[in-house]
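Colleague: Have a look at this prediction, sequence included:
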Amino acid sequence: MNAVALVPAAGRGRRLGAGMPKALVPVAGESLLLRAVRGLLASGCVQHVVVAAPDDGVTLVEDDLAPLGAADAVHVVAGGAERTDSVRIALEAALARVSGVTTVLVHDAARAFTPPSVVRTVVEAVQRGAPAVVPVLPVADTVKQVDVDGAVEHTVDRNALRAVQTPQGFTVTVLREAYEIDGDIATDDAGLVERVGHPVLAVPGHPHALKITTAFDLAIAERVLAPAASEEELT
Ligand SMILES: Nc1ccn([C@@H]2O[C@H](COP(=O)(O)OP(=O)(O)OP(=O)(O)O)[C@@H](O)[C@H]2O)c(=O)n1
Ligand SMILES: C[C@](O)(CO)[C@H](O)COP(=O)(O)O
């Protein structure tokens, strides 16, 4: 069974400060978005991708993705004000275009260098019966809870913490249920699924699934991730 992937790519990239939508920022000559979509398709388990573009950038995004030569497998819609709005719009578009959808991935364009192997791991976990799946990494730093004044309240047991990445995977039923609650906003899709009471399974992520958020992250992408991606087969 194949999955459908939703790619929220409508963000402005304020923290990056590139003066253009972050998804279209190039790294070694290819946009973050093109790289993210190619990685999804290279996994071999994604049959269709719906990209949520900036509302004034749908044609720009369509043109950016043209080199993939996958026009039948990739559809671009205008995203929304928040990430959750963009995902909701892309989900509705995917279900209107693709029949028989069972598994849905949600993958940030900003995580452009996610290895296709992580995509497969997430899809396989959903198709083995997990209603919701997130790729994760251990937390390497000590984490402390602080109050509004910055005073440390306590140290959190980092062994019980994981840093969550994308693609996140869901059964279509569970994701639709989570997105039926209008106005509900969360920083990730699994958070909405937790709120409607479904279990979420953590599976291994990958350091290359770094979310390109700041100029520092972009430098890491240019100097480390892009060279590594060009060396590895997209397998
Ligand atoms: N209204 C929004 C906001 C974000 N995103 C997407 O959600 C992903 C994760 O968001 P983030 O990394 O925060 O991107 P931006 O919102 O662009 O960054 P910033 O918060 O710095 O502006 C990105 O691929 C972004 O394009 C989206 O589709 N629609
Ligand atoms: C979805 C996500 O990538 C999981 O870590 C993250 O929550 C996105 O956060 P952002 O502030 O929208 O980049």
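Modeller: Alright, I've got the coordinates. Ligands and ions are numbered 1, 2, ... in the order given.
Colleague: so where does the closest residue to ligand 1 within the chain fall, helix or strand?
Modeller: The chain approaches ligand 1 most closely through residue 11 (2.1 Å), counting by CB to the nearest ligand atom. For every residue, glycine as well, the C-beta is placed using N, CA and C. Of the helices and strands defined by DSSP states H and E, none includes residue 11.
Colleague: And for residue 203?
Modeller: Per DSSP H and E: strand 201-204 holds residue 203.
Colleague: Alpha carbons only: can I get that strand in CSV?
Modeller: Taking C-alpha atoms only, strand 201-204 is exported to CSV below (Å, rounded to 0.1, in the frame of the first residue of the first chain):
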residue,chain,number,x,y,z
LEU,A,201,4.5,5.6,18.3
ALA,A,202,8.1,6.9,18.1
VAL,A,203,10.5,5.4,15.6
PRO,A,204,14.2,6.3,14.9
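Colleague: Leaving out chain neighbours, which residue sits closest to the spatially most central residue of the chain?
Modeller: Closest residue to the average C-alpha location of the chain: residue 107 at 2.0 Å, with CA atoms, centre = their mean. Excluding its sequence neighbours, the residue lying closest to residue 107 (CB to CB, 6 or more residues apart in numbering) is residue 167, at 3.7 Å.
Colleague: how much distance is there from the longest helix that the chain contains to the middle of the chain?
Modeller: As assigned by DSSP state H, the longest helix anywhere in the chain is helix 83-97. Distance of helix 83-97 from the chain centroid (CA atoms, centre = their mean, to the nearest Å) equals 13 Å.
Colleague: elements contacting the helix or strand following it?
Modeller: Next along the chain after helix 83-97, taking DSSP H and E as the criterion, comes strand 103-106. Judged by 3 or more CB pairs under 8 Å, 6 or more residues apart in numbering; DSSP states H and E, the packing partners of strand 103-106 are strand 3-8, helix 83-97, helix 116-127, strand 168-171, helix 172-179.
Colleague: May I see the buried residues of strand 103-106?
Modeller: Across strand 103-106, burial judged by 16 or more other CB atoms under 10 Å covers 103, 104, 105, 106.
Colleague: Please apply the same query to stretch 184-193.
Modeller: Neighbour-count burial for stretch 184-193, counted by 16+ other CB under 10 Å, picks out 186, 188, 189, 190, 191, 192, 193.
Colleague: Which of these fall in helices?
Modeller: Judged by DSSP H, helices contain the following of these: 189, 190, 191, 192, 193.
Colleague: Any regions of the protein where pLDDT drops low?
Modeller: The model of the chain has pLDDT under 70 over residues 1, 233-235.
Colleague: What parts of it come near ligand 2?
Modeller: Within reach of ligand 2 by CB under 6 Å from any ligand atom, the chain has these residues: 83, 108, 164, 165, 166, 187, 188, 211, 213.
Colleague: Thought residue 122 was touching the fourth one, still the case?
Modeller: This means residue 165. No: between residue 165 and residue 122 there is no contact under CB atoms under 8 Å: 9.6 Å.
Colleague: can you give me the end-to-end distance of stretch 141-161?
Modeller: One end of stretch 141-161 sits 11 Å from the other (CA to CA, to the nearest Å).
Colleague: Distance from stretch 158-177 to the middle of the chain?
Modeller: That offset, for stretch 158-177, works out to 10 Å (CA atoms, centre = their mean).
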